[in-house]
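Peer 1: Model the following, please.
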Amino acid sequence: MLSLFSFSDMDLDTGGLNIPYADKITHFTFYLVFAVMGCLTLRERTMGKLELGKALIIVLIFAILYGILIEVLQYSLTTDRMAEFGDVMANTLGAFAGIGLIRWVFSKKNPLKWKF
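Peer 2: Numbering: from 1, shown residues only. Reported below is the predicted structural model:
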């Protein structure tokens, strides 16, 4: 829901700090965390019965489709928000980075175990 609200009328003091592409960095970071948390949650909810590879694919597809849906809704339902292809790309790259992080963590010599 918050993705459809505009925060442009809020007066936020950034202290003169100007970060180029800060919105894209934010999109990337949110979707990286989304993918990591989604995989961990999905595996935990299925008590490890869902294979890691399947969990990664499900979360990746869901994250990409969700990112596209939010941009389409911003375009069609709001007057002060705009959909950007760059946001979709940042979302997608963040989701892939999150999936890559999960694969990296669970591929080490002593990977994390799902069952105690």
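
Peer 1: dump the residue contacts of Thr29.
Peer 2: Thr29 makes contacts with Gly94, as judged by CB atoms under 8 Å, 6 or more residues apart in numbering. Any C-beta I mention is one placed from the backbone N, CA and C, and that applies to glycine too.

Peer 1: and it, what helix or strand is that in?
Peer 2: Using DSSP states H and E, Thr29 sits in helix 22-45.

Peer 1: Mind listing what's buried along that helix?
Peer 2: For helix 22-45, a neighbour-count test (16 or more other CB atoms under 10 Å) marks 24, 27-28, 30-32, 34-36, 38-40, 42-43 as buried.

Peer 1: In the chain, which residue is most central in space?
Peer 2: Closest to where the C-alpha atoms of the chain average out (CA atoms, centre = their mean) is Tyr31, at 1.3 Å.

Peer 1: which one is that one nearest to, not counting chain neighbours?
Peer 2: In space, and not counting its chain neighbours, Tyr31 is closest to Gly94: 3.2 Å by CB to CB, 6 or more residues apart in numbering.

Peer 1: Alpha carbons of whatever helix or strand the one you found lives in, as PDB, please.
Peer 2: Assessed by DSSP H and E, Gly94 sits inside helix 85-105. The C-alpha trace of helix 85-105 is given here as PDB (Å, rounded to 0.1, in the frame of the first residue of the first chain):
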ATOM      1  CA  PHE A  85      11.100   0.800 -16.000                       C
ATOM      2  CA  GLY A  86      14.300   1.600 -14.000                       C
ATOM      3  CA  ASP A  87      12.400   0.700 -10.800                       C
ATOM      4  CA  VAL A  88      11.400  -2.700 -12.300                       C
ATOM      5  CA  MET A  89      15.000  -3.300 -13.200                       C
ATOM      6  CA  ALA A  90      16.200  -2.300  -9.800                       C
ATOM      7  CA  ASN A  91      13.600  -4.600  -8.200                       C
ATOM      8  CA  THR A  92      14.500  -7.500 -10.400                       C
ATOM      9  CA  LEU A  93      18.300  -7.100  -9.900                       C
ATOM     10  CA  GLY A  94      17.700  -6.800  -6.100                       C
ATOM     11  CA  ALA A  95      15.600 -10.000  -6.100                       C
ATOM     12  CA  PHE A  96      18.300 -11.800  -8.100                       C
ATOM     13  CA  ALA A  97      21.000 -10.600  -5.700                       C
ATOM     14  CA  GLY A  98      18.900 -11.800  -2.700                       C
ATOM     15  CA  ILE A  99      18.600 -15.200  -4.400                       C
ATOM     16  CA  GLY A 100      22.300 -15.300  -5.100                       C
ATOM     17  CA  LEU A 101      23.000 -14.400  -1.500                       C
ATOM     18  CA  ILE A 102      20.800 -17.300  -0.300                       C
ATOM     19  CA  ARG A 103      22.500 -19.700  -2.700                       C
ATOM     20  CA  TRP A 104      25.900 -18.500  -1.500                       C
ATOM     21  CA  VAL A 105      25.100 -18.900   2.200                       C
END
